[in-house]
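**Student:** sequence first, predicted coordinates after that:
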Amino acid sequence: MARLEVRELVKSYGRVRALNGVSFSVNDGEVFALLGPNGAGKTTTISIILGILEPDTGEVYVDGEKINSKKPEYRAKIGAVLEENGIYERLKVRESLEFWGEIYGLSKHEIEGRIEEIAQYLDMKDFLEKKGNELSRGMRQKGALARALLPHPKILILDEPTDGLDVPSREMFKKIILKEKEKGRAILYSTHVMAEAEEVSDRIAIIHQGNIVTTGTLEELRDKFKEEKLEKIFIKAIGYEF
Ligand SMILES: Nc1ncnc2c1ncn2[C@@H]1O[C@H](COP(=O)(O)OP(=O)(O)OP(=O)(O)O)[C@@H](O)[C@H]1O
Ligand SMILES: [Mg+2]
């Protein structure tokens, strides 16, 4: 059984059809990349999985159980790094993390232990005492990742986590994604950066205009499209012509 499965998600915003029947599943110990251009439907898909948005039709399953926003207990199973990152402007990073630890139902003792552990892991000790509004974009993203990892989630979801980050921060994110995969987490990761999808993912789904046009390992996609480079595969998959 897949750790996370989405089936036939359909979502429109008014007359704009954002998702047109999106299905895929993510297993433990796997990095699954949702690769698509701007407006493809990546954030919409992720928002539905997280219960931030309701789909028009379609379902999300976690551990084989159909979930909806009325079942909040599944949320501790999912850690997410989104644009809306949960690191508050007026609180110290440590305080934001303490707040989230409580929301996730951890004890005070556990929270303090986890914060120390994660600060070490993500190399963010030097800005734990800074306020949210004093952070650079990279620090903010690390804070969001720290928040996501707090409850030891089974599933980790990252929506373009490296967007706007410098090279060392991007490298750090890639390293952490691979480490979390080694720990057995099911990881769903959206990006529009080919090289990144190529480097970190076990399977890639190419999403375009609300449709998953192809899914497979890089090797499978190479075979199917008779192209070596993911960039070429991508262009063929979305049917883009120069
Ligand atoms: N709140 C909204 N209201 C209206 N239309 C929306 C809204 N959010 C997204 N859309 C539309 O839905 C489609 C999918 O958008 P979505 O944000 O899911 O794409 P994305 O793949 O995350 O893109 P990006 O790479 O730019 O983040 C687009 O056509 C977009 O214009
Ligand atoms: Mg997006």
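**Tutor:** Looks like it arrived, so ask away. These numbers were taken from a predicted model, which means no experiment stands behind them. Ligands and ions are numbered 1, 2, ... in the order given.
**Student:** name the helices or strands packed onto whichever strand or helix holds K142?
**Tutor:** K142 belongs to helix 137-149 when assigned by DSSP states H and E. Where contact means 3 or more C-beta pairs under 8 Å, 6 or more residues apart in numbering; DSSP states H and E, helix 137-149 is packed against strand 78-81, helix 93-103, helix 108-121, strand 155-159, helix 167-182. From N, CA and C alone the C-beta is placed, and that goes for glycine too.
**Student:** tilt between it and helix 108-121?
**Tutor:** 140 degrees (axes from the mean of the first three to the mean of the last three C-alpha atoms, to 10 degrees).
**Student:** helix 137-149 vs helix 167-182, what angle?
**Tutor:** Using the same axes, to 10 degrees: helix 137-149 against helix 167-182 is 10 degrees.
**Student:** before we move on, the earlier item: the helices and strands packed on helix 137-149 into JSON lines, with extra columns for mean neighbour count?
**Tutor:** Shown next, in JSON lines, are these (neighbours: other C-beta atoms under 10 Å):
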{"stretch": "strand 78-81", "mean neighbour count": "24"}
{"stretch": "helix 93-103", "mean neighbour count": "19"}
{"stretch": "helix 108-121", "mean neighbour count": "15"}
{"stretch": "strand 155-159", "mean neighbour count": "24"}
{"stretch": "helix 167-182", "mean neighbour count": "16"}
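**Student:** dump these into a markdown table; add mean pLDDT as well.
**Tutor:** Output for those, formatted as a markdown table (pLDDT from 0 to 100):
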| stretch | mean pLDDT |
| --- | --- |
| strand 78-81 | 90 |
| helix 93-103 | 94 |
| helix 108-121 | 95 |
| strand 155-159 | 96 |
| helix 167-182 | 93 |
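**Student:** looking at those, which is nearest to ligand 1?
**Tutor:** strand 155-159 (7.1 Å; C-beta to the nearest ligand atom).
**Student:** for the chain, what lies in contact range of ligand 1?
**Tutor:** 13, 16, 18, 36, 38-44, 192 (C-beta under 6 Å from any ligand atom).
**Student:** from these, which is closest to Y104?
**Tutor:** Using C-beta to C-beta, T43 comes nearest to Y104 of these, at 23.0 Å.
**Student:** setting aside sequence neighbours, what's the nearest residue to that closest one?
**Tutor:** Excluding the flanking residues, the one nearest T43 by C-beta to C-beta, 6 or more residues apart in numbering is D159, at 5.7 Å.
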